[in-house]
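Colleague: Sequence plus predicted model, see below.
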Amino acid sequence: MTWGQFLLVAVLALPALGAVAAALVPGERAGRLVGTVAAGLTLLAALPLVGGEHGWFGYGPRPAVQPWHQLDLPWAPDLNLRFHLGVDGISWPLVVLTALLTLLCCGYTLWRVPTGGGSGRALVALLLVVEVGILGTFLALDLVLFFLFFEVVLLPMYAVIAGWGGDDRRRAARKFALYTLFGSVLLLVGVYVVVAAAGTADLVSLTGGAGLSRGTQLAAFTLLALAFAVKSPLWPLHSWLPDAHTQAPTVGSVILAGVLLKMGTYGLIRVAVGVAPEGARWAAPVLGVLAVAAILVGGLVCLAQDELKRLIAYSSVGHMGFVLLGVATLTATGLQAALIGNIAHGVITGLLFFLAGAVKDRTHTGALAELSGLRETAPRLAGLLGFAAVASLGLPGLAGFWGEAFAVVAAVRRGGGLWTTLAVLAALGGALAAAYLLRLLRRVTHGRPGPAVAGVAPGLAGAELTAWAPLVLLALAVGLVPALVLSYASGPVGALVEVVTR
Amino acid sequence: MRPVIPYVTAALLFGLGGYGVLRRRNAVLVLMAVELMLNAVNLILVTADTTVQLPHSGQVFALFVIVLAAAEIGVGLAIVLQLYRLRASVTVDDVPLDRPEGER
Amino acid sequence: MTGADVLLLALGAVAVGAGALVVGTRHLVRAGLWLVVCLGALAGDYLVLTAELVAWVQVLIYVGAVVVLLLFAVMLTRAPIGPSDDLDRPGWPAALVGGGSGLGLAVLLVDAFHWSRVDLPVAGTADRLGEQVFRSWVLPFEVLSVLLLAALVGAIVLSRPEIGRPGARSAGTPAGPGRPVGPRSDADPVRPAPAVAVGEEGA
Amino acid sequence: MTGLLAVALPGVPLLAGLLGLLLPASPRVAGTGEDRARRAAIALGVTGAAVALVAAVALLLRVDHPVEAATTWADLGGLRVTLGYRLDGPALLVATAVAAVALAVQVYSIGYLRRGPHDEVEVDHRYPPYAAQISLFTAAMLTVVVSGDLILLLVGWEVMGICSYLLIAHDRRLPEAPAAAMKAFLVTRVGDVGFLLGIALLGVSAGSFRIADVLAHHHSAGTLTAACLLLLAGVAGKSAQFPLHTWLPDAMAGPTPISALIHAATMVAAGVYAVARLYPLLAQAPAALAVLGVMAAVTLLLGAFAATAQDDIKRVLAWSTVSQIGYLTGALAVGAPAAALFHLLSHAAFKALLFLAAGAVIHAVGTTLMSRMGGLRASMPVTFWCMVVGLGALAGVPPLSGFWSKDGVLAAAEAAALDGAGPGPAWVGWLVWLAGLLGVAVTAWYATRLLLRTFLGTTRIPLAEPHDPPAVLRWPVLLLAVPAALLGLAAFAPWFADRLRVPADASGEAVELVHLAPNLLLPLVLLAIGAGVAWAGWRGDPAADPARFLGPLRPVFARAFRLDDVQQALVVRPTAALAGVVRAGDELGVDGLVEGSGRAAVGLGGGMAALHRAALPRAAAAVLAGALLIGVAVALIGVAA
Amino acid sequence: MSLVQSVDHVALLPAYLAGGTAVLVLLADLLVARAAVTVAVAAAGSAATALGAALVGAGDERRSFCVGADCSWVFGGRAALVAALLALLTLGVLAISGPLLRAGRTPPGEYCFLLACALTGGVVLGAAGDLITLIVALETLTLPLYVLVGLRRGSLAGAEAAVTFFVVSVVATTLTLLGAALLYAVTGVLHLDRLGATLAGRADLLDLPLTTVAVALVVAGLAFKVAAVPFHAWAPATYDGAPLPVAAYLSTASKLGGVVALLAVVQRALPATVTGPVLALLAVLTMTVGNLVALRQRRTVRLLAWSSVAQAGYIIAPLGALALAGGRTADARAGAYAAAVAYAVFFVLLELAAFAAVVALRPADGDGGTLDDLRGAARRHPFVGAAFALALIGLAGLPPGLAGLFAKVTVVRALLAGHAGWLALVVAVNAVLGLAYYLRLAATLYAAPDGPVPVRPARLVVLALGVATVLAVVVGFAPQLVLDVAIR
């Protein structure tokens, strides 16, 4: 076992063991601490995965997926299931983001356990299980294994929402579970459509179509894309998201928006587009139109929205629309934009949900009508909220800009009437984003403090700052140095585009 | 010999049995109707023995069915009597599959 | 149209007619008696079809045991001897299903066998039947014995409520007749248990 | 060294801004923390602007030919985005102006945002974020100025937008401030949609976003026209051109120094500057220039007329900015980028002066309404004379800076109209020229009116005790009066004119900024007429507003031809209504479908469960009937097959 | 030549062991008359049966009771699997019967004897090579259950359940018999392999509507045993009225028996062109109706009963792939049969765990109660609750119940390999429906507790639950174990 393989296993094993330990360790606080330490170790294990042979040099035809490290063990041959893990430039940033957000959430839980539910260590354990699922999804190089990890996330997240959420948590959690399960069963069918036709589930050999017939590819892409569209979520399959976000506890929302949605877009890029390129080409216009519809609908709904977390949730619909638009163009620019958009959305929306949670914790309301004048009583919180909102609206120089602007650029680059129209509409959607986020700021931070806000203490807890500071810095860093994400992805994306357009 | 004659007899008996099972309220009468159906099966088996020109497996089968039926009737009557002991009625209409919500 | 055919037709008509009365009569006891007629006619059919052993077994077990059991059951459940009006449910679904299956089967069988004729095997098949059982069908024969044993024990345990009572158990012997029936504190509280205890009579 | 200075130019204010944001915004205990944080903020802000000014001047002196450097910033699938600067004469001149105005504003704000005699006790100006945001604003503008890459330019462009948003909303005592800030950002953002798309088109066409690459690439005519038109949308937003000018007057809700910054050096200048930067491209797209010309003419007159009827002193100045920017874009439309940049510089000087002086007045009087001022000359002589210089420059009184620069624009337009010298069609020249001439008269009229209403006549508020501002306010004003008065003379220096030449200018000849010709008399005559009419009106009744002569037009002008209402009716309300409809549709339609299918499943389950709430015979019937149906089906299929 | 068929006694060892268990239990009950001894004997016998089946099954396929090439007893891999599994299930049910027997309303001797008889029937069923043996064995499996269902003395619900079960079962048995008789009348053979060869070899027979109807009747009659819609209506009523361990036996062992019988005839005897569409139809109906009705259940056992109806749909779904030509290739068929068996194996493990958990959480001799009775149970008994939740989630087919997930995966894979994508989609959508109510039950377990004081779970029940859970977890992580034995 090489060092890289050891790290791959460690990245999955650490949170899994951490979850078990957190659940079993006697003592409430000790459990949370153990879980947080496990999350921290996971992050430490995820970071050095970047080392090693990046291998984009060489001669002759090479597979479109060339992991930096991989581990390939047989599991259940009769199900075409192999324990095949690998990491490359497309997945590594997401892996790190996942590990980071989970660590922040666990640390945050160390400081405050959401009210209404069970013990904090159970929450930490569930968060770690969710992390295992998400990391596994990003690392899996076997279709069936990918599906397996895709499913792992579902119930722990359900439990997080149902156990520690808001007043209407049961309904929202059930809707989340059922709706996303609907997506993942389609994924199951799609996976086996591919596997039955190709006889293998190995993503490395499947990427590029692997000689699947056109009919199979169309069917597989339809199923897979639907599955990922539910998870991402792509309009009009998004309606689980606002409810889940609104009801979920802060850490749940952060994980949900920050990385869980990314499973959908990642899957779309790596699995749907990679495995069924012909299907992708065939469906690209539809995907593009839906993505732009998501951008516009998300923006307009946000403009008429009157609940803080719900607004942010709908803004996710819009932002993921940009990511999907990038993917739909099937150009290297678009895919790169989608990847960095993914990361940026994870960082920024994670931060936004942290802040929205802090606001709700302090004021006990999320209604925009009752919030006003936050900058009078809690200027730092208001300032951070302003920063996050500004980052979210895609201000150049911050992380959100690259994904959104270059999704538009990619659509322009694709050319033709349809894509140009989509580019124009998407850019208008960007203006809508500014409109609703400024409306949000105007309602929440400006004006005279309302009764709900008047009693808010101005200070921020150390734990809060500790949890938020990395996200603020990342939003700045990714904005100023996009190469942090893009440089690793350019090789794999180039190879992917090559096989897709071949 | 025309095998179709006993066959049709059996078919009609089976139909009558089915009718009786669905028509009768009294559990014992339902059992009688079931006996009719079983006998129809037996008649088919025995008749088949004359048409297939093979060793008499049909008759063996019929014998086994008779034993089977006897065993079932025995247990069945015990069950019916148990029901009667508890409720003083053997009307199958009074045996619910499910009760309306909240009645239990 | 041979003599066998005429016999079969006649016996068949009797069987079907009696069967119709079994499911149609409004007298509980008469239904049992019509069943005897029906089963007897079938036994005749078997004789015509040269299945003597089956015919005698039919008479022995069915007419002799099953019908008697059924009649006992009729009596034990205190059924009215005269005609009763509440024996039947509305009949159309039953008629639909019963008629459909009977006629449908008949059509299928006629379609399959038409008006073909076969030669009846030589009569006197009891020994060949025995040989068959022991040459080909030993396994189900043996399994049936388990089944019969289970049915026996089952029927007894159901009919004797006192079996398995802690008191009866400790005595080490099955409770004899006349032993008082245990308290029914655990009976369904919604419907009061009837006062009659018929366990002993059934045994 | 040049590279270091070029990086320091936006870098130091940026750093100062970021550091400033970390200072505690608001004191927990008044008097202690406030002073320390405030002092630190002042130090950071002033230092940032001062260093930027020094760097700009140093570069201006050092660099005599275009300098460029770039490194790859990001590579998105073959599209290269670079991080680099591109220094040339115009860039450095504008940078100097920006830094100078920024420094003036920083210093001025020290005094302006101090708790004044008219303030309530609990007023807290939150100086640290304010100063930091000004620094960021400056840095963003300087980024736009020196950027060598379109994407980097866009970064500065948008950061400027957000800074303007933050600063306009700064004054928490004004209820209209947040709305004005939002409007400012949103209207410019709508324009930026076009700007982004234009950049995207150019970048995709050239395969790179580096300005040098974009300029060097031979674009197809269609792409070029489309891209230029799209860019113009962004320019219209940032530079407050018709029809995206509506935010600028409302932005007066911000503190007065901020108005000075926005109007003189940053936001509105950025659009014009960007066009000048990309002028070689526009020169090849006559259609875009024609649109620009029409836009300029409309804006010019619209702003001028709207300025005539305002009562708020800052709004007069704001509309005057709109009008003056019309001159700038007009100059660009007729093919005179150098004239445009020249007027940009002089406008920066006098408009900064005017705003800061007006701020001094407002500071002293405690109101912005001219109807409550009057007769301030005696008590505020310094302010008065500075204002005279500023208004004179605005109206174009020789030899103040505005005279020379405006004359350059008019001369270029005249040349385009009469000789067809411009790159666009001749009618554009006519349009700009005529509008410019009419604008001269109107400008003179409202400038005169402002001066008369504010400083002359009788005092209309007896209680106020106006006085000249303290030194920290006075000195920036006084220092700005110098370029406002004298910058025009710089046009006679070939060194200056040479630096104003856009490097890629097709002509390649030396730029002649000053046209000493007989036709200079025409604008002077118009100026005299405009000023005279205003003076005459005022003489009739010094207490009354000369604007009364506008008659029924006055309310129309005061509300700027009701374009705000048009925008409200055509854009804002439909969007809001659409948002409501979409939300309802999403919640009732899309989500309703989901919830509905859930309910349908449960209902169906309930119905089936009810079917099972029956007696035993139904189970037997199900078995027999099921078997019968299956048998019939199978038999039928068998027969059919 | 002896008059009696030659008998391979080694092959028959599992059947001897099972039958011997029944006899020994009877003797032990007579001679020792102590409940513990009786149960111990039954348990030991079941264990021995499982062991014997495993040992015999480990070797090559053994045949006995042959008439020429046709044998009534074919003890191969699947028969061994079924026998061992049934014996283990019996063992498990015995373990969770403790509270019931101790409560005193049920006679332990007879109870154990009847279970052992049913086991005997099941063991023979797995190895049955002809229709007579199959039906007789099936009856031997079922008949003791009539009695067991009604064995909760004095309970009206129990008596009603027994009557329901009995009447519906007898009618269904009649259907099977009719089908078998008609098949015999048409073909003249009763051995499964010979039947298959005959029907495959003579196209004229298949053109006869009588043949197809006969096939359909056999399938329909056997579908009753797995409680497939529309032959399902007895199941909820019977499960709910029966003693909890018996309900567990019904939904695991008895259902497994039905699956085995169905598989035997479908795989070996009957033409796929007829059985395929019938089974596809039954599968779709069963899954959908089962899941939909389960959504509305308030009683725990009824919910489990309806869910087990739905699960039967998943079990027979792979066989539905036979409806299409693409599903009738040799590979696809083998995959479909293996998938059905594998699903059944995964299912019975999880189902047994679920019932064991219900037994553990309910008072001795109590019925399943309503969902509200289980409110907060997992907070009082964290480990039992967790095992219950795991079993439910496994039944829903989601991680961490990996066994259930792999079960669903197996089915979907087989369906897609058989080109029955539409059926795979139906399965998939039904999985969503299923999660809705499993989640409701699981969430109830973790809700804030209120109401009655908790009962202390019996140790043996917890042990059985633990073993079932561990087994489920093990096959969850190593599904290949099950898949390997399922394909034999």
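Modeller: That came in fine, so what should we check first? None of the values given here were measured: they were computed from a predicted structure.
Colleague: center of chain B, which residue is that?
Modeller: Of all residues in chain B, the one closest to the mean position by C-alpha atoms, centre = their mean is B:V34, 1.9 Å from it.
Colleague: residue contacts, that one?
Modeller: Under the criterion of C-beta atoms under 8 Å, 6 or more residues apart in numbering or on different chains, the contact partners of B:V34 comprise B:17, B:21, E:167, E:170-171, E:174. C-beta coordinates here come from the backbone N, C-alpha and C atoms, glycine included.
Colleague: hmm, 10 Å instead?
Modeller: Counting by C-beta atoms under 10 Å, 6 or more residues apart in numbering or on different chains, B:V34 touches B:17-18, B:20-21, B:69, B:72-73, B:76, D:620, E:166-167, E:170-171, E:173-174.
Colleague: do D:V533 as well
Modeller: D:441, D:444-445, D:448-449, D:546, D:549.
Colleague: Tell me how far the closest residue to chain C within the stretch 251-400 of chain E lies from D:F561.
Modeller: Going by C-beta to the nearest C-beta, chain C is nearest to E:D365 of the stretch 251-400 of chain E, at 8.3 Å. Separation of E:D365 from D:F561 (C-beta to C-beta, to the nearest Å): 89 Å.
Colleague: neighbour-wise, which of the two wins?
Modeller: Neighbour comparison, E:D365 and D:F561: the larger count goes to E:D365, with 18 against 15 (by other C-beta atoms under 10 Å in any protein chain shown).
Colleague: Quick check, pLDDT for the residue of the stretch 351-488 of chain E found nearest chain D.
Modeller: Minimum separation of the stretch 351-488 of chain E from chain D (C-beta to the nearest C-beta) falls at E:L433, amounting to 6.3 Å. E:L433 carries a pLDDT value of 91.
Colleague: can you count the residues close to it?
Modeller: E:L433: 26 neighbours (other C-beta under 10 Å).
Colleague: how about the strands in chain E?
Modeller: For chain E, the strands defined by DSSP state E occupy E:62-67, E:70-75.
Colleague: Of these, which is nearest chain A?
Modeller: strand E:70-75 (23.6 Å).
Colleague: Would that closest one count as contacting chain B?
Modeller: No - against chain B, strand E:70-75 shows no contacts by C-beta under 10 Å from any C-beta of the partner chain, the least distance being 10.9 Å.
Colleague: which regions of chain C sit below the pLDDT cut-off?
Modeller: C:1, C:123-125, C:162-203 (pLDDT under 70).
Colleague: Could you find the closest non-adjacent residue to the residue nearest the centre of it?
Modeller: Nearest residue to the geometric centre of chain C (C-alpha atoms, centre = their mean): C:V66, 4.9 Å. Of all residues not flanking C:V66 in the chain, B:I73 sits nearest, at 5.2 Å (C-beta to C-beta, 6 or more residues apart in numbering or on different chains).
Colleague: what kind of secondary structure is the nearest residue to D:R372 once chain neighbours are set aside in?
Modeller: By the measure of C-beta to C-beta, 6+ apart, the closest residue to D:R372 outside its immediate chain neighbours is D:I461, 5.1 Å from it. Here D:I461 takes the coil state, with states given by DSSP: H, G, I helix; E, B strand; the rest coil.
Colleague: residue contacts, D:I461?
Modeller: D:365-367, D:369, D:371-376.
Colleague: how many other residues sit next to B:G17?
Modeller: 30.
Colleague: Quickly find the element holding it.
Modeller: Using DSSP states H and E, B:G17 falls within helix B:4-23.
Colleague: what about the residue lying closest to A:C105 once chain neighbours are set aside, how many residues close to it?
Modeller: Using C-beta to C-beta, 6+ apart and skipping residues adjacent in sequence, the residue nearest A:C105 is A:V251, 3.9 Å away. Neighbour count for A:V251, taken as other C-beta under 10 Å: 32.
Colleague: following the helix or strand encompassing A:V251, which helix or strand shows up next?
Modeller: For A:V251, the host element (DSSP H and E) is helix A:250-255. With elements assigned by DSSP H and E, the helix or strand that comes after helix A:250-255 is helix A:261-267.
Colleague: So is that following helix next to chain D?
Modeller: No - Helix A:261-267 stays clear of chain D (C-beta under 10 Å from any C-beta), getting no nearer than 16.6 Å.
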